[in-house]
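**Q** Fold the following, please.
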Amino acid sequence: MVIASADAAPLEFLQLVADPLRWQVVGHLARSDRRVGEIALLVGKAQNLVSYHLGELRAAGLVSARRSSADGRDTYYRLDLARCGELFTAAGAALHPSLELAPVAPKSSTDVGRRTPRVLFLCTGNSARSQIAEAMLEHRSGGAVEARSAGSHPKPLHPNAVRVMSERGIDISGRTTKRLDRFARTRFDRVITLCDKVKEICPEFPGAPETSHWSMADPAAVTKSNQDSYPVFVRTADEIESRVDLLIAELVHQAHVERSAHGRR
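**A** Here you go, the predicted model:
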């Protein structure tokens, strides 16, 4: 089912996600990038059936696939949450203008909650992806979220990571890279891996925090000059920024639920 014209898109989108199994697949991908085998285990269905539904979602432009950097024979699937949001919004507005949805974004630290959430980003070198994510989350949440980053095999901070963040008004030039085991005894609310290799070796952290995976290629692995590879860093930063905004919205929602539950006690 390919979502084509703007007029037909809301109805076709609702038909597409109305399938119970497909809705489960979408729900799991909304939280984390996953391999087909992982999704099959989560939904309790055969891999070939899950692959069929992933194919339908990919044909509709809602899911993309990227070859795993840890195992080239495997593939990670990613849900385009922003596109899903646009289609849900269009569906509501098509039914009645009053049902048009508005994006959720924190305006101050009180939006995230009384207790500051703590998020850890992990990759291999801690030289680009996780550093960008750490700085981006703290900046775009207005400091309402405490972010940290580390790597399994730290390398020096990549100059293009510094440059791409500087162009967004964020200075990370003074940051150092850190080893993953530095935070082995630290409690976090969320641990997010951005590297397929690190996902396979990610240790357990105190308090069993929620984990997610953002499958992203390492921009520092581009074997060109720093100047030629810079557009890769720009694309990486753009993707991380969109994911960070969705993460902030999710943390805001969780804080609202927690406050509501506390108020009913």
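**Q** C-alpha from now on. contacts and neighbour counts both.
**A** Fine.
**Q** okay, and for the stretch 101-250 of the chain, where does confidence drop off?
**A** 101-114, 223-227 (pLDDT under 70).
**Q** Recalculate using a threshold of 50.
**A** Low-confidence segments of the stretch 101-250 of the chain (pLDDT under 50): 106-110.
**Q** which residues in it form helices?
**A** 109-112, 129-140, 159-166, 196-201, 226-263 (DSSP state H, counting those that start in this stretch).
**Q** ok, and for the longest one, which residues are buried?
**A** Residues 229-230, 232-234, 236-237, 240-241, 243-253, 255 are the ones in helix 226-263 that count as buried (16 or more other C-alpha atoms under 10 Å).
**Q** what's the angle between that helix and helix 129-140?
**A** Between the axes of helix 226-263 and helix 129-140, defined by axes from the mean of the first three to the mean of the last three C-alpha atoms, to 10 degrees, the angle is 50 degrees.
**Q** for helix 226-263, packing partners?
**A** helix 109-112, helix 129-140, helix 159-166 (3 or more C-alpha pairs under 8 Å, 6 or more residues apart in numbering; DSSP states H and E).
**Q** Could you report the neighbour count for Arg118?
**A** By the measure other C-alpha atoms under 10 Å, the count of residues near Arg118 is 17.
**Q** can you check Glu204 too?
**A** 12.
**Q** Also Leu87?
**A** For Leu87, using other C-alpha under 10 Å, the count is 19.
**Q** contacting residues for the residue nearest to it when sequence neighbours are not counted?
**A** Residue nearest to Leu87 in three dimensions, not counting chain neighbours: Pro10, with 5.7 Å by C-alpha to C-alpha, 6 or more residues apart in numbering. By C-alpha atoms under 8 Å, 6 or more residues apart in numbering, the contact list for Pro10 reads Leu87, Phe88, Ala90, Ala91, Ala94.
**Q** which one of the helices of the stretch 101-250 of the chain lies closest to Asn48?
**A** Closest to Asn48 of the helices of the stretch 101-250 of the chain is helix 196-201 (C-alpha to C-alpha; 22.7 Å).
**Q** care to break this structure down by domain?
**A** 9-99, 109-262 (automatic domain parsing).
**Q** Assess the claim that Gly92 and Glu86 are in contact.
**A** No - using C-alpha atoms under 8 Å, Gly92 is not in contact with Glu86; the gap is 10.0 Å.
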